[in-house]
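J.: Turn this into a model:
(one chain, ligands or ions: 2)
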Amino acid sequence: MKILIIGGGGREHAICWKIKSYSKDYEIFAIPGNGGIAQIGQCVKKDSSNFNEILEISEENKIDLIIVGPENPLSEGIVDFFKSKGYKIFGPTKKAALFESSKCFAKEFMKKYNIPTADFQITDSFEESVKIIEKRKLPYVIKFDGLAAGKGVRVIENYQEGKNYLEEIFIKKIFKGETKVVIEDCLVGKELSYLIFTDTNTYIPMVPAKDYKRVFDDDKGPNTGGMGCYSPPNYFNEELEQEIKKKIVEPTLKGFERENIDYRGVLYFGLMITNQGPYVLEYNVRFGDPETQVILPRMESDLVEVCESVIEGSLNKINIKWKEEKSLCVILASKGYPGEYEKGKEIKNLDKVEDVVLFHAGTKLENGKILTDGGRVLGVCGIDKDIEKLRGKVYKAVQTIDFEGKHYRKDIGLL
Ligand code: AMP
Ligand code: GLY
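T.: Numbers count the residues shown, from 1 in each chain. Ligands and ions are numbered 1, 2, ... in the order given. Model prediction:
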C-alpha cells in the first residue's frame, strides 16, 4: 500500500515513522517531507497548496491513501479536491476545517451548544473593538479570527497593549484575510491537549498530552509552536476524562450532527483545566505538533487502519490499543527562535544517541551532512514506564546531539 503524507514537520515525521514501524509493507511518500522522512520514504519537494501538482504525483505513484498534516491545505479544501477525484484522503473538508480556520465560527458554535469556553465578544470594526476593550476587565485575550500560524493570540495586560494590538490587526493589517477578532476572558489553569479520531458518528480518544508553548523554562518568554510534550500529563485522571467527554467532546459531536457537518479526521481540543472544570481554548482540525510525537509512540494499533475506518465511517468497528508507558519529547531549537534565527548549522552526534527516537522538524541533508533548516530543528522522544528514567534518557540524548546555538527547555515532564 502506498501512502502520501502532506507536510514536512516533526508531526509528519512521527506519522511516517508510526506507519512504517507498524509494517514495512507500507510505502511512504511525502510532500514536501524533510531530512528524517527521507530516510524512510520518498520526499517530493513541492508546494503543498498546489493541489493539481499533488494530484499528478499521486497518479504517477499510484497512491492509495493520503494523510494531511497541517491546517493550511485542509482549510484550502485539499480533502474536497481529492475526494472529488476519487482518492481516499484523511482529514476534514474545507467546511469542517472552519473549526480551526475561523475562531469566530468556533466560538459561536460553542456558545450555541453550551460547550464551556471563555466569555467573548466578536467584532469586525476597529472603533467597536476599542469600545469593547475600554470596558473589559484586565487581563483579557484578543484573537485574530483566521489562521495565523499560532501568532494571532495575545493575552493583554493593559489598555495600551490592547489598543496597539487592535491597530496592528485592523489598521496595519498584519494578518491576511478578513479582519475580525474575538475578545475574551483570560482563563487560568493547566492546559491539556485532548485529541480524538472521529467519523462524526463515533469517536475514539487518543492518549492526552501536555504541550509546552513558551520558549523558556517555567513557562517564561514568548509563545512558540511548542518546545516539548509529554503524555499522559500528571494532572490527568479518569474523572477529568469523563468530564471532558461529557461536557465537551459529546456536545461538540451532537452539534456537528445538528448542523449537518460531516466531520472525518482528527479533532484536537485545546483545553484549559480550570477550578471550574475544563474549558475549550480552541479547536484544531488536525494532529498537534509536537503532541503527535508523544501520542503515536504510545499507539500499538495500525494508524493506517484507523485512518481508513474514519474515511469509511466504520470507526465503530475497531479498537485502538495504547501502551501503558509514558512518552516525552524535547524540542531542540535554533538560537533566536521563535524570533529570527540562523540556519545551515551542522548537527553532530546523531548516530551516538541510544534508546530514543529522533523526529526531524527543520533539517536538511546536504553533501552527506545533516544541517539545521528551521526554528524547531529536532524532537528527541522516548518512552518508559518511569517518568524519571524517561527524562534521564531523553535528556542524555538531548545533551549528546550538538549544533551551534542549540536551545531547549530543561523542564519538560516536570510541570
Ligand atoms: P489558541 O490558538 O486559541 O489556542 O491560543 C494560543 C494560546 O494562547 C493557548 O494555548 C493559550 O496558552 C493561550 N490562550 C488562548 N486563549 C486563552 C484564554 N482565553 N485564556 C488564557 N490563555 C489563553
Ligand atoms: N501544539 C499546538 C498545535 O499543534 O497547535
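J.: From here on, just use CA atoms for contacts and neighbour counts.
T.: Fine.
J.: Residue numbers of this protein in contact with ligand 2?
T.: With Cα under 6 Å from any ligand atom as the criterion, the chain meets ligand 2 at residues 211, 226, 288-291.
J.: Just the buried residues of these.
T.: For the residues of the chain next to ligand 2, a burial check counting by 16 or more other Cα atoms under 10 Å picks out 211, 226, 288-291.
J.: out of the residues of the chain next to ligand 2, which are inside strands?
T.: Within these, residues falling in strands by DSSP state E are Asp211.
J.: show me where the protein has helices.
T.: 10-22, 51-60, 71-75, 78-84, 98-101, 103-112, 126-135, 159-170, 238-244, 250-258, 291-295, 303-312, 387-400 (DSSP state H).
J.: next one: the shortest one to chain centre, how far?
T.: Going back to what we said before, that points to helix 98-101. How far helix 98-101 lies from its chain's middle: 13 Å, per Cα atoms, centre = their mean, to the nearest Å.
J.: Show me what it is packed up against.
T.: Using 3 or more Cα pairs under 8 Å, 6 or more residues apart in numbering; DSSP states H and E, the elements in contact with helix 98-101 are helix 71-75, helix 103-112, strand 277-284.
J.: Turn the helices of the chain into TSV, including mean pLDDT.
T.: Output for the helices of the chain, formatted as TSV (pLDDT from 0 to 100):
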stretch	mean pLDDT
helix 10-22	97
helix 51-60	96
helix 71-75	95
helix 78-84	98
helix 98-101	95
helix 103-112	97
helix 126-135	92
helix 159-170	93
helix 238-244	98
helix 250-258	96
helix 291-295	98
helix 303-312	98
helix 387-400	97
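J.: out of those helices, deepest packed?
T.: Among the helices of the chain, helix 291-295 has the highest mean neighbour count (mean count of other Cα atoms under 10 Å), at a mean of 29.
J.: helices and strands of this protein: which one has the lowest mean pLDDT?
T.: strand 363-366 (a mean of 87; mean pLDDT, DSSP states H and E).
J.: who's in contact with the spatially most central residue of the chain?
T.: In the chain, the residue lying closest to the centroid (Cα atoms, centre = their mean) is Gly288, at 2.0 Å. Contact analysis of Gly288 by Cα atoms under 8 Å, 6 or more residues apart in numbering lists 11, 268.
J.: what do you get for Met227?
T.: 211-215, 290, 330-333, 408-409.
J.: Ok, Gly225 next?
T.: By Cα under 8 Å, 6+ apart, the contact list for Gly225 reads 150, 213, 289.
J.: Now with 10 Å, please.
T.: 149-151, 211-215, 288-290, 337-338, 375-376 (Cα atoms under 10 Å, 6 or more residues apart in numbering).
J.: ok, now Ser58?
T.: Residues near Ser58 by Cα under 10 Å, 6+ apart: 2-4, 29, 52, 64-66, 82, 87.
J.: any idea which of those residues has the most stuff around it?
T.: Leu4 (27 neighbours; other Cα atoms under 10 Å).
J.: okay, that residue: pLDDT?
T.: Per-residue confidence (pLDDT) for Leu4: 98.
J.: What of Gly8?
T.: In this model, Gly8 is scored at 93, pLDDT.
J.: Would you mind stating the distance between the residue lying closest to it once chain neighbours are set aside and ligand 2?
T.: Distance criterion Cα to Cα, 6 or more residues apart in numbering; nearest residue to Gly8, sequence neighbours excluded, is Gly33 at 4.0 Å. From Gly33 across to ligand 2, the span is 17 Å (Cα to the nearest ligand atom, to the nearest Å).
J.: show me what contacts Gly33?
T.: Gly33 makes contact with 4-10, 12-13, 16, 41-46, 360-361, according to Cα under 10 Å, 6+ apart.
J.: go again using 6 Å as the cut-off
T.: By Cα atoms under 6 Å, 6 or more residues apart in numbering, the contact set of Gly33 is 7-8, 43.
J.: out of the residues you listed, who's nearest Val380?
T.: Taking Cα to Cα as the measure, Val380 lies nearest Gly8 of the contacts of Gly33, at 16.6 Å.
J.: interface residues of this protein facing ligand 1?
T.: Residues of the chain lying near ligand 1 (Cα under 6 Å from any ligand atom): 118, 141, 150, 153, 184-187, 270, 281-282.
J.: Tell me which residue of the stretch 201-350 of the chain lies closest to ligand 2.
T.: With Cα to the nearest ligand atom as the measure, Gly288 is the residue of the stretch 201-350 of the chain nearest to ligand 2, at 3.3 Å.
J.: if we can go back for a sec, could you flag which of the contacts of Gly33 are buried?
T.: Looks like the contacts of Gly33 have 7-8, 43 buried, using 16+ other Cα under 10 Å.
J.: Tell me the spacing between Ile412 and ligand 2.
T.: Taking Cα to the nearest ligand atom, one finds Ile412 at 14 Å from ligand 2.
J.: and the residue lying closest to that residue once chain neighbours are set aside, bridged to which residues?
T.: Nearest non-adjacent residue to Ile412, counting by Cα to Cα, 6+ apart: Gly228, 6.2 Å away. Counting by DSSP bridges, Gly228 forms beta bridges with Val330.
J.: coming back round to it: using pLDDT, spot the least trustworthy of the residues of the chain next to ligand 2.
T.: Gly226 (92).
J.: And for the closest residue to it other than its chain neighbours, the neighbour number?
T.: Of all residues not flanking Gly226 in the chain, Lys213 sits nearest, at 4.4 Å (Cα to Cα, 6+ apart). By other Cα under 10 Å, 19 other residues sit near Lys213.
J.: show me the contacts for Lys213.
T.: By Cα under 6 Å, 6+ apart, the contact set of Lys213 is 223-224, 226-227.
J.: one more time with 8 Å
T.: Contacts of Lys213 by Cα under 8 Å, 6+ apart are 219, 223-228.
J.: got the residues you listed as JSON lines, with distance to Asp386 columns?
T.: Shown next, in JSON lines, are the contacts of Lys213 (distance: Cα to Cα, whole Å):
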{"residue": "Asp219", "distance to Asp386": "24"}
{"residue": "Asn223", "distance to Asp386": "29"}
{"residue": "Thr224", "distance to Asp386": "28"}
{"residue": "Gly225", "distance to Asp386": "27"}
{"residue": "Gly226", "distance to Asp386": "23"}
{"residue": "Met227", "distance to Asp386": "21"}
{"residue": "Gly228", "distance to Asp386": "18"}
